[in-house]
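Trainee: sequence first, then the predicted structure:
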Amino acid sequence: MTVALNPAPCATPPTRSLHEAARLTDLLHIFDEEVQLCLYQRSPVEPITRYFAAAREQGVLGLGFRLVATPGQALDIPGLAALPGRDALLQDMAYLLDMYAELIGCPQVGMRLEVLDRAMCPRFHVDRTGVRMLCTYYGQGTEWLSEEAADRSKLGRLAQGMPDETSGLIRNPAAIRQAAPFALLLLKGTQWQGNDGRGAIHRSPAPDPLEPCRVLLALDAIW
């Protein structure tokens with residue numbers, strides 16, 4: 001499947017911890033020591049958007065799935081509703097799976113599709129992973145804070161139960177950014193070599209009252 005790509009202009013000044021990729025090959029910058037998050041904009045694939053809208057309307061969206069996938073092998077997920085756009089979705093997930101596995105160099109990938117009507121991780125946090133890929137197919141995309149806009153000493157338990165907005169974690173509320181649907185995010189976690197005490201600071205968006213449903217694809221390397 002050919003996916004049209006239209007890189008979006010940068011809305012905020014670049015930061016050391018974020019790299020906005022103009023080309024797929026630029027995702028290699030996730031291996032730069034200072035970079036914690038890579039963003040690559042993609043145009044929505046309309047058959048996939050219509051697929052999820054129809055599945056939700058007909059009540060057959062389901063709960064998503066979790067599986068271990070091998071790059072280069074065809075994806076066949078029986079739980080996906082048999083509606084127009086299903087093949088386009090399978091093709092895109094296989095495309096992202098192969099791209100991610102080649103980038104990271106892993107033989108297998110943990111793949112999960114989350115169907116959500118509430119924020120899965122509503123507070124800013126850092127994942128205990130190596131490098132994770134996220135793609136929101138439907139609904140609102142993941143939010144993140146650059147290194148310069150956050151105070152890591154207020155992350156998680158260090159906030160002493162206070163909300164992100166009042167704990168002092170968010171140094172600059174205007175710097176909170178959000179991925180568009182179909183954009184690719186590579187987030188470096190604390191388990192990446194030499195990245196202890198660091199990692200991309202991100203959270204799930206608050207549900208949209210008019211359209212609370214969100215469908216998120218996450219890929220993690222398995223060795």
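Mentor: Perfect, thanks for sending it.

Trainee: hmm, Val115 and Cys213 touching each other?
Mentor: Yes. Cys213 is within contact range of Val115, at 7.2 Å (criterion: C-beta atoms under 8 Å). C-beta here means a position set from N, CA and C on the backbone, and glycine is covered the same way.

Trainee: who touches both of these two?
Mentor: Contact with both Cys213 and Val115 is made by residues Leu61, according to C-beta atoms under 8 Å, 6 or more residues apart in numbering.

Trainee: tell me, what residue is most central in this protein?
Mentor: Residue closest to the mean C-alpha point of the chain, counted by C-alpha atoms, centre = their mean, is Leu134 at 2.1 Å.

Trainee: and that one, which of the three is it?
Mentor: strand (DSSP: H, G, I helix; E, B strand; the rest coil).

Trainee: beta partners for it?
Mentor: Beta bridges link Leu134 to Leu185, Ala218, judged by DSSP bridges.

Trainee: quickly note the distance from Pro47 to Gly194.
Mentor: The gap separating Pro47 from Gly194 is 41 Å, by C-beta to C-beta, to the nearest Å.

Trainee: same question for Gly156.
Mentor: For Gly156 relative to Gly194 (C-beta to C-beta), the value is 21 Å.

Trainee: where in this structure is the helix or strand with the lowest mean pLDDT?
Mentor: Least confident helix or strand, the chain: helix 164-167 with a mean of 91, by mean pLDDT, DSSP states H and E.

Trainee: residues making contact with that one?
Mentor: Here helix 164-167 makes contact (C-beta under 8 Å, 6+ apart) with 123-124, 154, 159-160, 170, 173, 203.

Trainee: looking at the residues you listed, which are in strands?
Mentor: Those of the contacts of helix 164-167 mapping onto strands are Arg203, per DSSP state E.

Trainee: ok, which pair from the contacts of helix 164-167 is furthest apart?
Mentor: Using C-beta to C-beta, the contacts of helix 164-167 span at most 19.9 Å, a distance reached by Gln160 and Pro173.

Trainee: which one of these two is surrounded by more residues?
Mentor: Pro173 (10 against 7; other C-beta atoms under 10 Å).
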